[in-house]
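Asker: sequence and predicted structure are below.
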Amino acid sequence: MFGRKKASIKTQGKARPGPWDLSALLNAADASAGLPERHLWLIRLLEWLRHATLPADGALSSGPTATPMPLLRLRHLLNVLERHPEHQAEVAALLARFWREVDVAALLADFGFSPRRDLSGELGQRLRLRLLPGTPATTDLAELFGLLFPQSSDALWMDALDDPTLERLTALLAPAAATSAGGPNWRAPFLDAITFLASAIRATGFSPTVRQRMSPELLVSQPFRQLALVAERIRTHAEGGDLPALLREAQYLRALLDTCRRCADSVHLHLEAHGVSVDVVFAVEQLRERTQRIEDLLICVLSPEPGRDITRLIAALVRTADERRSIRALFARHYSLLARKVAERSAETGEHYITRDRSEYRQMLRAAAGGGAVLAGTTFMKFFVLALGLSTFWAGFFAGVNYAGSFVLIHLMHWTVATKQPAMTAPAMAAKLGDVSNDAAVEGFVDEVAHLIRSQAAGILGNLALVTPLVLTAQFAWTAAFGAPLIGAKDAQHVLDTLSLLGPTPFYAAFTGVLLFASSIIAGWVENWFVWHRLDSAIAWNPRIVARLGAARAQRWSLYWRNNISGLTANISLGLMLGLVPAVASFFALPIEVRHVTLSTGQLAAAVGALGPDILHQAPFWWCLAGIAVTGGLNLAASFFLAFKVALRSRGIRLTDRSRIYSAIRRRLWQRPGSFIVPPKG
């Protein structure tokens, strides 16, 4: 281990350095040591630069307080080396061997980019960087870079390097740079990196998934085909010293890179229209970042005094190193476009759930009443499934099938379930937040809030208006016909025990809201997958399908599935989750159940039909009624909040005017509270 005892700077021999002891570190510099030892010495030296304690001799006390500590310590290091030529010679020799043996081009061309052109490959690489330790026993500078600069703060002191300090540092590194890459040309690794990057960009541009989605008009000039040729010509002119030709080819290369970036932008336009693939998004972003890296390398190659530009490039690589360790940043960046597409597809559906006048309001009441009628039958089917005495999983499975079948029937009949509205309408509302820079836009958004709340109230009212009387009618009719209610007193008592507000009903209701939100996300993802793979076109034009269905029927089926894939997926996934999630959770001993406001109301109505009107005079009934009210609110609030948050993030909206929006909503509630309940006239 490194000791902490300070050694004199003039100590002879090679001492084992302490981590914050410059004297021992300089005495330990050994250009003849093995590769791991030399790299480890460089790592320790950079750790010394980051250490927050001033040197004991007080040499830095006169420096400005705003100067980063590593920069102050770097000046101190240069002062010490200039006062001790023997240490300066040893450090210069060590650095010369370092630059001669490491692969600098690997850092410049490969660092920050995934070796594979898909998101899963980059995810695996980041997990490896986070979980597995690195080793200094490598000549790949891209692998060693993370050990040398493990903190993004290193970029700050590099950016703060003043010209005198940079000149002194360059003088120390000049002998090393002169012998790097096997010759006197320090530009060699930069030119190699430009060649490697141009080849990688060309490979991405020629890949089928990217090429087929680029604008044909932009590909007419064949920019990707020319990249490698121009990069080779730049190398030839740089090595030959032909500056005018070098500048001319560099300008041409920049024009090609700009065209390649515009080609990449055309891929995004295609994705917006025809579905999103995160792997394609990842490949396109890698292409754009590589074009920018070539621009940065060109600046260094062409600069008459490249020290400052190389320092900026290294600082940028340090920031890249910190970003590459973040898995969260990877997903946040590359799933934003998919989230936007899912939200937009949900928004298209959500517009159908928002009523803006009395005619649409009455239509929503009728659609919700139809949904309530179907859910009355769903309530009795649930009791029937429970009466079969199946195991937990199969009981949950058939309960999910019951829910899914009911929701699909409601969808096919163009009716509605109130609790499905928020997850669909939240993205539609987020679309109205594209511009809230003026009062008119804010008032327009408040109008949408009023429309939404009124629509959801109509949905719940319509659902409950039919589910309650139909369940009661069935109970009383069965009693009149057979002498006993369809749902007995034992099941009724169980309903009173489980739906009470005094129990975990609020938690279960909020969790059900999460499932409602999840079903909308699943629906949006499946529809995006359907569109991405052009299955609607395949149904309409595939020869085998057309031969079996006929041309006209194939066209109708194509249109039907394109219009209904999202709704069917949302209803089936929601129904199965409502039945299966509690069953799966019970396997892990998690006491999770679902509470759906319409289904809970139907169960309470069945309990009233079994126990008779006297139950209305007992406290358990009223606690259950309060629980249903809370269930409805939490079903709506949880699903809407999650869907609205995803929609905002997918659009990159930051609500800097949030207080203004909230004030406008409160003002509307105070001045026109009825607008949130009753639709306007006309």
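Answerer: It's in.

Asker: count the neighbours of residue 328 for me.
Answerer: For residue 328, the neighbour count with other Cβ atoms under 10 Å is 7. Any C-beta I mention is one placed from the backbone N, CA and C, and that applies to glycine too.

Asker: which SSE is it in?
Answerer: helix 327-334 (DSSP states H and E).

Asker: residue 572 now?
Answerer: Residue 572 is part of helix 551-587, with elements assigned from DSSP H and E.

Asker: name the residues of that helix that are buried.
Answerer: Within helix 551-587, the residues scored as buried using 16 or more other Cβ atoms under 10 Å are 554, 558, 562, 565-583, 585.

Asker: what do you get for stretch 477-489?
Answerer: 478, 485-487.

Asker: next one: stretch 446-465
Answerer: Quick answer for stretch 446-465 (16+ other Cβ under 10 Å): 446, 448-452, 454-460, 462-464.

Asker: those: which two are farthest apart?
Answerer: For those, the maximum inter-member distance is 27.3 Å, found between 446 and 464 (Cβ to Cβ).

Asker: show me what contacts residue 484?
Answerer: Residue 484 sits next to residue 478 when contact means Cβ atoms under 8 Å, 6 or more residues apart in numbering.

Asker: state the phi and psi torsions of it.
Answerer: phi -150, psi 150 (degrees, to the nearest 10).

Asker: what's the spacing between it and residue 544?
Answerer: 56 Å (Cβ to Cβ, to the nearest Å).

Asker: next: residue 219.
Answerer: Going from residue 219 to residue 544 by Cβ to Cβ gives 33 Å.

Asker: neighbour-wise, which of those two wins?
Answerer: Taking other Cβ under 10 Å, residue 219 and residue 544 do not tie; residue 219 has more neighbours (16 against 8).

Asker: OK, contacts around the spatially closest residue to residue 505 that is not a sequence neighbour?
Answerer: The shortest distance from residue 505 to any residue other than its chain neighbours is 4.4 Å, reached at residue 627 (Cβ to Cβ, 6 or more residues apart in numbering). Taking Cβ under 8 Å, 6+ apart, we find residue 627 in contact with 499-501, 503, 505-506, 595, 600.

Asker: hmm, try it at 6 Å
Answerer: Applying Cβ atoms under 6 Å, 6 or more residues apart in numbering to residue 627 gives the contacts 499-501, 505.

Asker: highest neighbour count among those residues?
Answerer: Within those, neighbour counts (other Cβ under 10 Å) peak at residue 499, which reaches 25 neighbours.

Asker: helices along the stretch 401-550 of the chain, start to end?
Answerer: Counting by DSSP state H, counting those that start in this stretch, the stretch 401-550 of the chain has these helices, from start to end: 421-430, 439-482, 489-498, 505-532, 535-541, 543-549.

Asker: out of those helices, which comes closest to residue 389?
Answerer: Residue 389 sits nearest to helix 489-498 of all these, at 13.0 Å, using Cβ to Cβ.

Asker: between that closest one and helix 439-482, how big is the angle?
Answerer: Taking axes from the mean of the first three to the mean of the last three Cα atoms, to 10 degrees, helix 489-498 and helix 439-482 form an angle of 160 degrees between their directions.

Asker: so which of the buried residues of stretch 446-465 is the closest to residue 616?
Answerer: Nearest to residue 616 among the buried residues of stretch 446-465: residue 464, at 16.7 Å, using Cβ to Cβ.

Asker: ok, the closest residue to the closest one other than its chain neighbours - how many residues close by?
Answerer: Spatial nearest neighbour of residue 464, chain neighbours left out: residue 601 (5.3 Å); criterion: Cβ to Cβ, 6+ apart. Neighbour count for residue 601, taken as other Cβ under 10 Å: 27.
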